[in-house]
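[1] the sequence and its predicted three-dimensional model are supplied below.
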Amino acid sequence: MSSIDSLLHEDRRFPPSPEFAADAVAKSDLYGQASADRLGFWADRARELLHWHTPFTQTLDWSAPPVARWFADGELNVAYNCLDRHVADGHGDRVAYHWEGEPGDTRTLTYAELTAEVKRAANVLAGLGIRAGDRVAIYLPMIPEAIVAMLAVARLGAVHSVVFGGFSADSLRTRIDDAEAKLVITADGGYRKGKVFPLKPTVDESLADGRSTVEHVLVVRRGGNEVAWTEGRDLWWHDTVATASDEHEAEAFPAENPLFILYTSGTTGKPKGILHTSGGYLTHVAYTHRNVFDLHPERDVYWSTADVGWVTGHSYVVYGPLANGATSVIYEGTPDTPHPGRWWELVQKYGVTILYAAPTAIRTFMKIGRQEPQKWDLSSLRLLGSVGEPINPEAWVWYRDIIGGGTTPIVDTWWQTETGGIMISALPGITTLKPGSAQVPLPGVSVEVLGEDGQPVGNGQGGLLVVTEPWPGMLRGIWRDEQRFRETYWERFADAPDGPLYFAGDGARRDADGDIWLLGRVDDVMNVSGHRLSTAEIESALVSHPWVAESAVVGARDETTGQAVVAFVIVKASQAEVATASEAAEVLRAHVSQQIGAIARPRQIFVVTELPKTRSGKIMRRLLRDVAEGRELGDTTTLTDAGVMQVITDRLR
Ligand code: WT7
């Protein structure tokens, strides 16, 4: 049975327990309030959840779509909202983060300690000339300094661009150049799978030509690995931040002051710098974090397993939890180091009550088997979350039974780097849960599933997911590329009667109740382990290798990672004699990893003599996906040369 067919037959239902509902943060009248007065609802959330140095008088300015301005005449300081005000409210001794390093070293940071550390870092950054609006690149492992660095940048009204530590020197440099970063904050190295992986050497490599905009590199000592030093440019964190003053007054900035740029893959080879601003974003992530995760800050221990290099790390490791005064767990390493039960050991150790993870991780644990989690006491868990890709009903039910003791609600949260925060999700204590479906838009969020003709589809039908009204956490643009912003998200449904609609790039289906089931991307974007990768970006990495004449990349279904990168390459005739197909495939897999980062390394590379193309020269990815997923070939009638697919499949046998 295909996956969509099996989804259609999924009819398990899990109503909220009365005990959970009685104590739930979210009350069902949120839906009514939001539909009665959507903007008023958001304004109430902004006032309720944040501290405004200058209160706003206007909620939304949508006079020039697709550029939205939320709470625009209000002023706030994002770091103050995440830190100082909690200390002022008497919560200075509450733990903000329980940090666990991969080797087992630990650090606990209370709100008072974190506030002091951020103030010291802000003083150092200010001393290095960082001012409001300047861009700072952050390339760090999952250590507390990553969070301190983000907040110190935010405190100064500057803009951070966090680059995931797994990205290559080239990828880092592209992002530094695009944002014109003045400062890079990195570490000597970090721990991963029991070893130190170098970071500072990668930064050095990316800046080697001496022609970037970077003036300074601030280096945290973590890995203890040897690093080269550029006098005048490089500074140690422990020589500067540790000794700086912890007095620093947070200045208020306009609500639309940029907060961060986060690069994500699109349909072309060039990553998009997604721009988020301050007041609307913080309102959205605080509201969703509190209601979707049923956060009781005074007693919950919350753990989102994401790295700060991804948007989940921004919204639901840093800004949402801190704005709400939550206590979080953060972990540096991989789930299987030094043993396959590491996550469950940490749940027991810290008494985690709320766990937020990706389906890929759940499926990996399923494969390992229930004996690992069953070695640990997971009874503290009372709510589970899922993010990044569709979660198949089997994994959902396993997650609830084996990790959640058969009782915890699971919130399957749909959102994107661009949306800033969660858009579609059940509300625990209110919604009757359906495994495999993200279900309903949150109060305040308006979505629709449209057919190709732009008309809403009926129940039981599929189409394209759109957001029909602006929302506070929405992206404000693509960094310095307004045209791409308009084309990518707003052109597909530009002529809707009430203004342009945001097109998310996902396919979705409404079931008989009108609930939403996500069906994956409809563009040339892949989703591998919940991380977004572009086919074009990997194709261009492949053709940058001297052996490669042509390449085509597809995302093929993968039992564990959701999708996997599968590449088809034509090797130049001159090389075909030198290396065998399998040698070439190995070299090229390593090349992609070195060019982009290990996450982009293809699962398989097939060396072929031709690629299937339409008469207009477009590669027929659909057919390649059929091959990669081992299916019977679909319709080949539009191929220029129907023999091509025969050649390819023969070679794969
Ligand atoms: C894409 C966004 C959201 C933070 C992590 C990924 C897919 C995300 C779900 C979900 C089905 C999901 C979509 C979306 N996606 N969450 N709960 N169910 N699909 O952020 O890298 O910006 O990727 O991830 O395809 O468009 P991202």
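    Structure received.
[2] measure Ser593 to the ligand for me?
    19 Å (CB to the nearest ligand atom, to the nearest Å). In this view, the C-beta of every residue, glycine as well, is placed from N, C-alpha and C.
[3] my read is that residue is in a strand, agree?
    No. Under DSSP: H, G, I helix; E, B strand; the rest coil, Ser593 sits outside any strand and is assigned helix.
[4] find the nearest non-adjacent residue to it, please.
    Leaving aside its chain neighbours, Ser593 sits nearest to Arg601 (4.1 Å; criterion: CB to CB, 6 or more residues apart in numbering).
[5] and if you look at Ala252?
    His53 (3.4 Å).
[6] ok, that neighbour touching Asn81?
    No. The pair His53 / Asn81 is not scored as a contact, 9.8 Å apart, by CB atoms under 8 Å.
[7] so what touches stretch 9-24?
    Here stretch 9-24 makes contact (CB atoms under 8 Å, 6 or more residues apart in numbering) with 1, 294, 296, 382, 393, 397, 400, 407, 409, 427-437.
[8] now, which of those lie within helices?
    393, 397 (DSSP state H).
[9] which of the contacts of stretch 9-24 count as buried?
    294, 296, 382, 393, 397, 400, 409, 427-431, 433-437 (16 or more other CB atoms under 10 Å).
[10] let me see the mean pLDDT of stretch 519-536.
    Stretch 519-536 carries an average pLDDT of 92.
[11] so how far does that stretch reach from one end to the other?
    Taking CA to CA, to the nearest Å, the first and last residues of stretch 519-536 lie 21 Å apart.
[12] does the ligand have contacts with it?
    Yes. Interface with the ligand: stretch 519-536 contributes 521, 527, 530, 532 (CB under 6 Å from any ligand atom).
[13] from those, pick the one nearest Ala132.
    Arg532 (29.8 Å; CB to CB).
[14] the closest one against Gly388, yeah?
    No. Using CB under 8 Å, Arg532 is not in contact with Gly388; the gap is 9.0 Å.
[15] look up how far the ligand lies from the residue lying farthest from the centre of the chain.
    Distance to the chain centre peaks in the chain at Glu577, reaching 42.6 Å (criterion: CA atoms, centre = their mean). As judged by CB to the nearest ligand atom, Glu577 and the ligand stand 41 Å apart.
[16] swap in Phe365?
    18 Å.
[17] so that residue sits in a helix?
    Yes. According to three-state DSSP, Phe365 belongs to a helix.
[18] and it, how many residues sit next to it?
    Under the neighbour criterion other CB atoms under 10 Å, Phe365 is assigned a count of 24.
[19] show me the residues around it that make contact.
    Phe365 neighbours (CB under 8 Å, 6+ apart): 335, 343, 372-373, 402-403.
[20] tell me which two of these sit farthest apart.
    Pro335 and Ile402 (14.7 Å).
[21] output the below-cut-off pLDDT ranges for the stretch 501-650 of the chain.
    Low-confidence segments of the stretch 501-650 of the chain (pLDDT under 70): 576, 635-650.
[22] one more time with 80, if that's ok
    In the predicted model of the stretch 501-650 of the chain, residues 575-579, 632-650 satisfy pLDDT under 80.
[23] residue numbers of it in contact with the ligand?
    Counting by CB under 6 Å from any ligand atom, the stretch 501-650 of the chain sits next to the ligand at 504-506, 518, 521, 527, 530, 532.
[24] which residue does the stretch 51-200 of the chain have closest to the ligand?
    Phe164 (10.8 Å; CB to the nearest ligand atom).
[25] may I see the domains of the protein written out as residue ranges?
    446-522, 529-653 (automatic domain parsing).
[26] which strand or helix spans the closest residue to Ser315 other than its chain neighbours?
    Nearest non-adjacent residue to Ser315, counting by CB to CB, 6+ apart: Val285, 4.5 Å away. If you go by DSSP states H and E, Val285 is part of helix 279-292.
[27] from the contact counts, what lies against the helix or strand just after that helix?
    Counting by DSSP H and E, the next helix or strand C-terminal to helix 279-292 is strand 301-304. Under the contact definition 3 or more CB pairs under 8 Å, 6 or more residues apart in numbering; DSSP states H and E, strand 301-304 sits against strand 327-331, helix 342-350, strand 354-357.
[28] the ligand: which of the ones you listed is closest?
    That would be strand 354-357 among the helices and strands packed on strand 301-304, by CB to the nearest ligand atom, at 10.3 Å.
[29] how far does that closest one sit from the chain's center?
    14 Å (CA atoms, centre = their mean, to the nearest Å).
[30] repeat for stretch 445-454
    Centre to centre, stretch against its chain (CA atoms, centre = their mean), the figure for stretch 445-454 is 24 Å.
[31] and for stretch 321-334?
    With CA atoms, centre = their mean, you get 15 Å for stretch 321-334.
[32] what's the answer for stretch 97-112, then?
    Worked out by CA atoms, centre = their mean, stretch 97-112 lies 22 Å from the chain centre.
[33] need the residues that contact it.
    With CB under 8 Å, 6+ apart, stretch 97-112 has contacts from 83, 86-87, 91-96, 114, 117, 143-144, 147, 191-192, 194, 301, 325, 327-334, 337, 346, 349-350.
[34] show me what counts as buried in that stretch.
    97-102, 109-112.
[35] tell me what angle the longest helix anywhere in the chain forms with strand 327-331.
    Determined from DSSP H, the single longest helix within the chain is helix 111-127. Per axes from the mean of the first three to the mean of the last three CA atoms, to 10 degrees, the angle that helix 111-127 makes with strand 327-331 is 60 degrees.
[36] alright, calling it a day.
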